[in-house]
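Undergrad: have a look; sequence and predicted model below, questions after that.
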Amino acid sequence: MKKLLIGAVLIAIAHANVASAARDGEAVFNQQCAPCHNGGNERAPRRDAFKAFEPELVLKALIDGPMAAQGRALNDAEMHAVAIFLTGKPFTAAGMPQDAYCADRTLSLDKAKSLSTWNGWGNDNANRRFQSAVMAGLKAADVPKLKLKWAFAVPGVIRVYGQPTIVGGIAFFGTASDKVYAIDAKTGCLHWEFGADSGVRTAITVAELGGKWMAFFGDLRGQIYAIDPANGKLIWKERVEDHPLAYITAAPNFYDSRLYVGVSSREETAITPDYACCTFRGSVVALDAATGKRIWKTFTIPDEPKPTVDDGTGRNKMIIGPAGGAVWGTPTVDPKARAIYVGTGNDYTGAEPKTTDALVAFDMDDGHVRWVHQMDRDDVEFSPCATPLEPQKCNHGPDYDFGSSPILSTLPDGKRILMAGQKSGVVHGVDPDHDGKTVWDMRIGKGGYEGGIEFGMATDGKLLYAPLSDFRFKIAMSGEAGARATIMGVPTTLDPTSGGGLFALDPATGKQVWHAPAADCHGAAGCSPAQTAAPTVIPGVVFSGSIDGHMRAYSTKDGHVLWDVDTKQTYQTVNGVTGNGGSIDGPGPVVVDGILYTNSGYGYVGEATGNVLLAFSVDGK
């Protein structure tokens, strides 16, 4: 009888959770989906038709199916909630098995300073994404011997985007399921998990303040967290932006007891015909790392948004601006000049601010803007369409954001250079000590939407390594494998001939030293050679992942491939959760103490889904 009662309680709790998710999903549906699925688009299935679907199918459509464009405006929790609401059914994904946890879950960072590390996004304040020979523990000659050591699967997700931080022998990383995990870097067993309020896309930054270790990260609700890395307990939480569509995509940068945070948003893609757009402005925020107290906050666009002109849809609705200028990448800290550098995103509504698609320098002490170098104007991404089938009513610029962090480096002659890759396909070198004056520009690709340099570059001080995206779709032939429907009614598939390649540039002049060509998809369905993920360099080797699911190691001498592994496969994982690899996008690999760590499975528009963190070592030992 007792077991029956317990079972009944568990069932009741499960139904309550489904009901709660359905309520949240209804709000998402009404805001994002109802204009089309309630009759606004004759080609869109009506709401009641979804009762015949499984929630996994709806989720798949939002990730890389016909609704992928709309799915990009939602985080994982929102997509799961709307799938439950529409189908009225729960997901069947299991949680973390008990066997996943370490036998001894006690954790101490007392020896962290004596162990090899990769900390935060760029591994230093300059965002160079370089790992020294001592910290890497991996020689170029041994790279061809790398084999899988272990795989860890995140339950209930179909994308992984939290780059791991390795400190004190522990790998810390965030997930789309709102969880932050701390796992043993050698074995992959789980020490603890922390539940954030939303997905955690940022890398984790770990720092010691007054003898106490703290771990910092942001979520997709515009909040910054500080937790105890020894046990995952919350120390403080601070919302740095009140805009409802703001989120944090890049790791905080820690320097001298402060955190420097960039703020971005999904407003440009999350609008409906009735949404009054746009009101978000990107910003950089300085916080006291010990308490979370705000020290200063500076918007990338100084003027507050206000109604400008009628949007032309006949709804008597005004376009609001200026807006945009999101900060997608981790701010770069310059202690010598006491400056903070960021790249900014595009304009949202055509008010033409001078600080979008720009490199911006902020004063470290009080946040005032020191200088701005705008690379492109008239780059507007705004969709005031009556329905998704009327793109002629939308103004669309080329989408030339700076989506990644600038890199600060010192040249052989002692001069300094600030290098930044843009989605235009152009890499820029500017002088940070002379108001961002252009030193050189080098075009390596065509650029555009999902084009150019997406998530970053790396430097070893000798060369700058820039992977090229230039991700493209092509119209699919009838019956072509990998074809997917679109809201325009024309099926498309990934273009296997567009994008990819790795470029090595001279930091002093921007001139190309060598170029490694894009990989060949060999006619595989749903394959793209685009290299959107950030690279990582160790002495003699630069690592770069690709949409095709491969992680490759290139010689820094001439770019020839030293090692190539296809991560797009099924894995037997150390934590007992079903694991699948997919496209590699977003965060780059990290190399610490002889082990290379990489995510596999990104699952945005057209990309292969997955849920694993992989560890490779020499001979898998």
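TA: Looks like it came in fine.

Undergrad: pLDDT at the closest residue to Arg258 other than its chain neighbours, what is it?
TA: If you skip the residues right next to it in sequence, Arg258 has Ala286 as its closest partner in space, 5.4 Å away by Cβ to Cβ, 6 or more residues apart in numbering. Yep, even glycine has a C-beta here, placed from its N, CA and C like the rest. Ala286 is assigned 98 on the pLDDT scale.

Undergrad: bridged to Ala286, which residues?
TA: Tyr260, Trp296 (DSSP bridges).

Undergrad: equivalent analysis for Leu502, please.
TA: Bridge pairing for Leu502 - DSSP bridges - gives Pro467, Ala516.

Undergrad: can you count the residues close to it?
TA: Neighbour count for Leu502, taken as other Cβ atoms under 10 Å: 23.

Undergrad: isn't it right up against Ala530?
TA: No. Taking contacts as Cβ atoms under 8 Å, Leu502 lies outside contact range of Ala530: 11.7 Å.

Undergrad: overlap in contacts, the two.
TA: Common neighbours of Leu502 and Ala530 (criterion: Cβ atoms under 8 Å, 6 or more residues apart in numbering): Leu468.

Undergrad: from Ile248, how far off is Ala151?
TA: Taking Cβ to Cβ, to the nearest Å as the criterion, Ala151 is separated from Ile248 by 28 Å.

Undergrad: okay, these two: which has more neighbours?
TA: In this view Ala151 and Ile248 are compared by other Cβ under 10 Å, and Ile248 has more residues nearby, 29 against 25.

Undergrad: now do the same contact list for the nearest residue to that one once chain neighbours are set aside.
TA: Excluding the flanking residues, the one nearest Ile248 by Cβ to Cβ, 6+ apart is Gly218, at 2.6 Å. With contact set as Cβ under 8 Å, 6+ apart, Gly218 has these partners: 200-202, 224-225, 240, 247-252, 261.

Undergrad: neighbours of Val513, how many?
TA: For Val513, the count of nearby residues is 17 (other Cβ under 10 Å).

Undergrad: go on, Lys113?
TA: Burial of Lys113 is recorded as 10 neighbouring residues (other Cβ under 10 Å).

Undergrad: same check, this time on Lys212
TA: Here the number of neighbours of Lys212 (other Cβ under 10 Å) works out to 12.

Undergrad: how about the strands of the stretch 451-600 of the chain, start to end?
TA: Using DSSP state E, counting those that start in this stretch, the strands of the stretch 451-600 of the chain run over residues 458-459, 464-467, 473-475, 492-494, 502-505, 512-516, 536-538, 541-545, 550-555, 561-566, 570-571, 579-580, 590-592, 595-600.

Undergrad: ok, and the closest non-adjacent residue to Ala508?
TA: Closest residue to Ala508 apart from its sequence neighbours, by Cβ to Cβ, 6+ apart: Leu411 at 5.1 Å.

Undergrad: then Ser498?
TA: Using Cβ to Cβ, 6+ apart, the closest residue to Ser498 is Arg472 (3.8 Å).

Undergrad: surely that neighbour meets Thr493?
TA: No. Judged on Cβ under 8 Å, Arg472 makes no contact with Thr493 at a distance of 10.4 Å.

Undergrad: quick one: the helices in this structure?
TA: Counting by DSSP state H, the chain has these helices, from start to end: 2-28, 34-35, 55-64, 68-71, 76-87, 133-136.
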